[in-house]
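Asks: Got a predicted structure plus its sequence, pasted below:
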Amino acid sequence: MSNGKTSVWKMFPGAFWSANVMEIFERMGWYGFYAVSSLYLTGKIEEGGLGLTSADRGVIQGIATFFLYLLPAVFGALADKYGYKKMFMASCFVMGPSYLLLRLPETFWSFFAVYMLLAIGHGMFKPVVISTIAKTTNEKTGSMGYGIFYMMVNVGGFIGPIIAGIVRGWNWDYVFYASAAWILLLGLTCLFFYKEPHRDGDEEATSKSLKEILHGMVSVVGNGRFFLLVSGMLTTLVMGSKWWSFSLVGSVAAIWLISNLLIDMLLRMNKNENRPWFLQPMQIGEGRYMLFLLLMAGFWTSFNQIFLTLPEYIRDYTDTSDLINTVTPLASSFAGLFSSMGADTTNWSMAFLKDGQIKPEHMINLNALGIIIGQVGISYLLRKIKPLMTIISGVLVTVVSFMIFLGGGSGWVVVVAILVFSIGEMMASPKSKEYAGLIAPPGKVGMYMGYFYWCTALGHLFGGLLSGTMYQHYGPVEQGGVDNPDVMWWIFAGLALSTAIFLAIYDRWVGSQNTVESQKIEA
């Protein structure tokens, strides 16, 4: 006899569940390597690493992931035009071979080239899976649907690094094989179980040309001239991360900015509007939204230090013997149980320990575990608080987490810092998307949400470059540093704190702008 309640399994169509399964495999593949990438890139050559500097590591991670989160705006539009399933399968054909190829490079440029290819593959996947979730949920099921999806993101992000941490104890090649295997399972899930969701009202998207799609992407920032200015500034920043001195970067940036402004003044004197894009005065697109994304990039810059800087810090500065002493009785009982069943547990410690210390990836993985356990509770407790206030509070919590690292390099200090950081992430990350939707003007909510990943892209670019530069300078003497990592954590905390302050100022400014606009409408 029915009680009138619908099972959660029946609330969503099959495409929803297959998309969530694919998301788990995609996250297992990406985070399986990403969580240990800093260790691989800077690891000793004789131990299977590439032996790169921290600065080079930061350049690779920053630029590649920047494009990973920038490209979904393009591939999402292409998926609308050519079909979701085709884009899913295309992403698998790029990601799978890329992971297998990633084990082969031995130099900066060769690894960078393959890693960029891998980033493109993941950039193809990302917009299609979130679009599937959007198409398979409605107003009644949306909250639960996105909650399930966010949970699956962290399930994949939790399992992937565990497997990678275990297999790298035997050989680094197994890390790449494992990631490729997850992508294979992703592709098989798509091929046999994924059914394209019905897409009402998408006729306009399917009729757009590639030129129109790229123009739409640029128009969010501004016109072509302003996009060129921004691209030049970002290129200058990237060059300064490895190839140019800070003084040269400052000079080139100043010259590029001033020359563009002078050219713009001259172009504005010409009233002829029928001219090519490069002769048009600069125009800013969705300026208010771009400013919000730039400020949120500060949060993501700080956030990425957990995956970029912390692995090296744990490897070089953290003594995890206190943690080992705590878990040894439980681990011994667990191993003894399997030994009594005939299993050989002699080398099991290789899965979790290296040089007598807990592997960094297993400690960092507490971030995903904390989110899996606590996200629902945190969201419930903060459900009645305004989004921006929650975002600012979450960023302030991350400031506290960075300060905890100053308490000493013991295992428990790092664990507490990671868990406190996770609380800040659970507060700030989900609410940032909600706030973006709230500040969007009528008729532009979809576009605002579609380009939200741009702040993540900038955060990865800035975070990667800052991480490499900071650790190269403040890290161990044998790596060319000054052996003072505390200063580095002060800088990261200062960045997060300034982000919170500027977000508060931004909110007041947006509120005053909305008040002025409302008064004009009433008048």
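Replies: Yep, that arrived. Numbering: from 1, shown residues only.

Asks: out of everything not next to it in sequence, what's closest to the residue nearest to the spatial centre of the chain?
Replies: Central residue of the chain (C-alpha atoms, centre = their mean): Thr456, 5.6 Å from the mean position. In this structure, Thr456 finds its nearest non-sequential neighbour in Tyr69, 4.4 Å apart by C-beta to C-beta, 6 or more residues apart in numbering. All C-beta spots, glycine's among them, are computed from the backbone N, C-alpha and C.

Asks: before we move on, back to that, which residues sit in contact with the residue nearest to the centre of the chain?
Replies: Tyr69, Ala297, Trp300 (C-beta atoms under 8 Å, 6 or more residues apart in numbering).

Asks: Check which helices and strands the helix or strand in which the first one is found sits against.
Replies: Same thing as Tyr69. Per DSSP states H and E, Tyr69 falls inside helix 54-70. Applying 3 or more C-beta pairs under 8 Å, 6 or more residues apart in numbering; DSSP states H and E, we find helix 54-70 packed against helix 14-42, helix 108-135, helix 224-240, helix 305-308, helix 453-474.

Asks: and if we set it to 7 Å?
Replies: Where contact means 3 or more C-beta pairs under 7 Å, 6 or more residues apart in numbering; DSSP states H and E, helix 54-70 is packed against helix 14-42, helix 108-135, helix 453-474.

Asks: As CSV, those with distance to Met151 and mean pLDDT would be great.
Replies: Shown next, in CSV, are the helices and strands packed on helix 54-70 (distance: least, C-beta to C-beta, whole Å; pLDDT from 0 to 100):
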stretch, distance to Met151, mean pLDDT
helix 14-42, 9, 94
helix 108-135, 12, 91
helix 453-474, 19, 88
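
Asks: mind giving me TSV with those helices and columns for distance to Leu101?
Replies: Output for these, formatted as TSV (distance: least, C-beta to C-beta, whole Å):
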stretch	distance to Leu101
helix 14-42	12
helix 108-135	5
helix 453-474	21
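
Asks: among the ones you listed, which is nearest Gly156?
Replies: helix 14-42 (2.8 Å; C-beta to C-beta).

Asks: residues touching Glu361, list them.
Replies: Going by C-beta atoms under 7 Å, 6 or more residues apart in numbering, Glu361 touches Ala35, Val36, Pro161, Ala164, Gly165, Pro311.

Asks: The helix or strand where it lies - what's its average pLDDT?
Replies: For Glu361, the host element (DSSP H and E) is helix 360-364. Taken as a whole, helix 360-364 has an average pLDDT of 92.

Asks: now for the helix or strand just after that helix, which elements pack on it?
Replies: Once helix 360-364 ends, the next helix or strand along the chain (criterion: DSSP H and E) is helix 366-381. Contacts defined by 3+ C-beta pairs under 7 Å, 6+ apart place helix 366-381 against helix 142-167, helix 411-439.

Asks: Ok, which of those comes nearest Met87?
Replies: helix 142-167 (17.8 Å).

Asks: Give me the buried positions along that closest one.
Replies: For helix 142-167, burial by neighbour count (16 or more other C-beta atoms under 10 Å) applies to 145-146, 148-167.

Asks: And the helix or strand just after that helix, what does it pack against?
Replies: Sequence-wise, the next helix or strand downstream of helix 142-167 (DSSP H and E) is helix 173-193. Contact analysis of helix 173-193 by 3+ C-beta pairs under 7 Å, 6+ apart lists helix 14-42, helix 84-101, helix 142-167 as its packing neighbours.

Asks: Counting neighbours, what do you get for Pro97?
Replies: Applying other C-beta atoms under 10 Å, we find 16 residues neighbouring Pro97.

Asks: Now do the helix holding Tyr69, average pLDDT.
Replies: For helix 54-70, the mean confidence score works out to 89.

Asks: Helix 108-135 and that one, what's the angle between them?
Replies: Angle of helix 54-70 versus helix 108-135, following axes from the mean of the first three to the mean of the last three C-alpha atoms, to 10 degrees, is 30 degrees.

Asks: any idea which helix or strand comes after helix 54-70?
Replies: Counting by DSSP H and E, what follows helix 54-70 is helix 72-82.

Asks: pull the CA atoms of that following helix into PDB?
Replies: Only the C-alpha atoms of helix 72-82 are listed here, as PDB (Å, rounded to 0.1, in the frame of the first residue of the first chain):
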ATOM      1  CA  PRO A  72      33.600  24.900 -20.200                       C
ATOM      2  CA  ALA A  73      32.000  28.100 -21.500                       C
ATOM      3  CA  VAL A  74      32.900  27.100 -25.000                       C
ATOM      4  CA  PHE A  75      32.400  23.300 -24.700                       C
ATOM      5  CA  GLY A  76      29.100  23.800 -23.000                       C
ATOM      6  CA  ALA A  77      27.800  25.800 -26.000                       C
ATOM      7  CA  LEU A  78      29.200  23.200 -28.400                       C
ATOM      8  CA  ALA A  79      27.400  20.400 -26.400                       C
ATOM      9  CA  ASP A  80      24.200  22.300 -26.800                       C
ATOM     10  CA  LYS A  81      24.800  22.400 -30.500                       C
ATOM     11  CA  TYR A  82      26.000  18.900 -31.200                       C
END
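
Asks: From the chain's centroid, how far away is it?
Replies: 19 Å (C-alpha atoms, centre = their mean, to the nearest Å).

Asks: before we move on, back to that, redo the contacts of Glu361 as JSON lines? Include distance to Gly409.
Replies: Converted to JSON lines, those look like this (distance: C-beta to C-beta, whole Å):
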{"residue": "Ala35", "distance to Gly409": "20"}
{"residue": "Val36", "distance to Gly409": "20"}
{"residue": "Pro161", "distance to Gly409": "21"}
{"residue": "Ala164", "distance to Gly409": "24"}
{"residue": "Gly165", "distance to Gly409": "20"}
{"residue": "Pro311", "distance to Gly409": "14"}
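
Asks: what's the closest of these to Glu23?
Replies: Nearest to Glu23 among these: Pro161, at 16.0 Å, using C-beta to C-beta.

Asks: Spatially nearest residue to that closest one (excluding sequence neighbours)?
Replies: Ala35 (3.8 Å).

Asks: which residues sit in contact with the one you found?
Replies: Contacts of Ala35 by C-beta under 7 Å, 6+ apart are Pro161, Ala164, Phe307, Glu361, Ile364, Asn365.

Asks: gap between the last one and Ala504?
Replies: Asn365 is 33 Å from Ala504, where distance means C-beta to C-beta, to the nearest Å.

Asks: before we move on, what about Met290?
Replies: As for Met290, its distance to Ala504 is 18 Å (criterion: C-beta to C-beta).

Asks: So for these two, which residue has more residues nearby?
Replies: Met290 (18 against 15).

Asks: returning to what we had before: do you know how far the residue nearest to Pro161 is from Leu310?
Replies: Taking C-beta to C-beta, one finds Ala35 at 10 Å from Leu310.

Asks: Please enumerate the shared neighbours of the two.
Replies: Common contacts of Ala35 and Leu310 (C-beta under 7 Å, 6+ apart): Ile364.

Asks: in the helix holding Tyr69, what counts as buried?
Replies: 54-70.

Asks: swap in stretch 428-438?
Replies: For stretch 428-438, burial by neighbour count (16+ other C-beta under 10 Å) applies to Ala428, Ser429, Pro430, Lys431, Ser432, Tyr435, Ala436.

Asks: Check the offset of that stretch from the chain's centre.
Replies: On C-alpha atoms, centre = their mean, the centre of stretch 428-438 falls 15 Å from that of its chain.

Asks: secondary structure class for Lys384?
Replies: Using DSSP: H, G, I helix; E, B strand; the rest coil, the structure places Lys384 in coil.

Asks: Let me see the confidence value for it.
Replies: 77.

Asks: Phi and psi next, for it.
Replies: phi -100, psi 0 (degrees, to the nearest 10).

Asks: any idea how far it is from Gly145?
Replies: 22 Å.

Asks: What of Pro360?
Replies: Counting by C-beta to C-beta, the gap from Pro360 to Gly145 is 34 Å.

Asks: where in the stretch 351-500 of the chain is pLDDT low?
Replies: The model of the stretch 351-500 of the chain has pLDDT under 70 over residues 434, 437-450.
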